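K.L.:
Could you look at this predicted model? Sequence included:
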Amino acid sequence: QVQLVVSGGDSVQAGGSLRLSCAASEYAYSTYCMEWFRQAPGKAREGVAHIESDGSTSYAESVKGRFTISKDNAKNTMYLQMNNLKPEDTAMYYCAAEGDYWRCRVKAYRYWGQGTQVTVSS
């Protein structure tokens, strides 16, 4: 069974930084793609940052230049470094993973971690 465990959420002031972690079971880490999502109250879930098995990354426009996605294969962990946080970044953050190439293309993730709350105050 694929398992993803998310941690690192907190409450910070605007302009601050946080690093989220998504620890995966060894099997889960041999996935083709992984992604960070977030969902604010009353809003649709949105993809924030995506990473492929070759290390290539992509970001939502709203976080480009502020957030960095990465993964440490030795630790089976994916990270989201969030800098210069803004109140609009307040949301529940989730990680997701998928091992099938075609499901990655359409972002049909089968494996999800639990959420971690990020709250940014002005």
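P.N.:
Ah, there it is.
K.L.:
And the next helix or strand past the helix or strand bottoming out on mean pLDDT in the chain?
P.N.:
Lowest on mean pLDDT, DSSP states H and E among the helices and strands of the chain sits helix 26-29, with a mean of 59. Remark: after helix 26-29, the chain's next helix or strand is strand 33-39, criterion DSSP states H and E.
K.L.:
Mind listing residues that contact stretch 34-48?
P.N.:
20, 22, 24, 49-51, 59-60, 63, 67, 69, 71, 78, 80, 89-98, 107, 109, 115, 118 (C-beta atoms under 8 Å, 6 or more residues apart in numbering). (C-beta placed from N, C-alpha, C; glycine too.)
K.L.:
swap in stretch 93-109?
P.N.:
Outside stretch 93-109, the residues that touch it by C-beta under 8 Å, 6+ apart are 2, 4, 6, 9, 20, 22, 24, 28-39, 45, 47-48, 52, 78, 80, 110-118.
K.L.:
now those: which count as buried?
P.N.:
2, 4, 6, 9, 20, 22, 24, 28-29, 31-38, 48, 78, 80, 111, 113, 115-116, 118 (16 or more other C-beta atoms under 10 Å).
K.L.:
didn't Val5 look like it was pressed against Gly113?
P.N.:
Yes - shown here, Val5 and Gly113 form a contact pair, counting by C-beta atoms under 8 Å, at 5.9 Å.
K.L.:
quick one: common contacting residues for the two?
P.N.:
Common neighbours of Val5 and Gly113, counting by C-beta under 8 Å, 6+ apart, are Cys22.
K.L.:
Just want the most central residue of this structure.
P.N.:
Centroid-nearest residue in the chain, with C-alpha atoms, centre = their mean: Trp36, separated by 2.1 Å.
K.L.:
Read off the pLDDT value for that residue.
P.N.:
Note on Trp36: pLDDT of 98.
K.L.:
what bridges to it?
P.N.:
When assigned by DSSP bridges, Trp36 has beta-bridge partners Ala49, Cys95.
K.L.:
any idea which residue of this structure is furthest from its center?
P.N.:
In the chain, counting by C-alpha atoms, centre = their mean, Ser122 sits farthest out from the average C-alpha position, at 22.9 Å.
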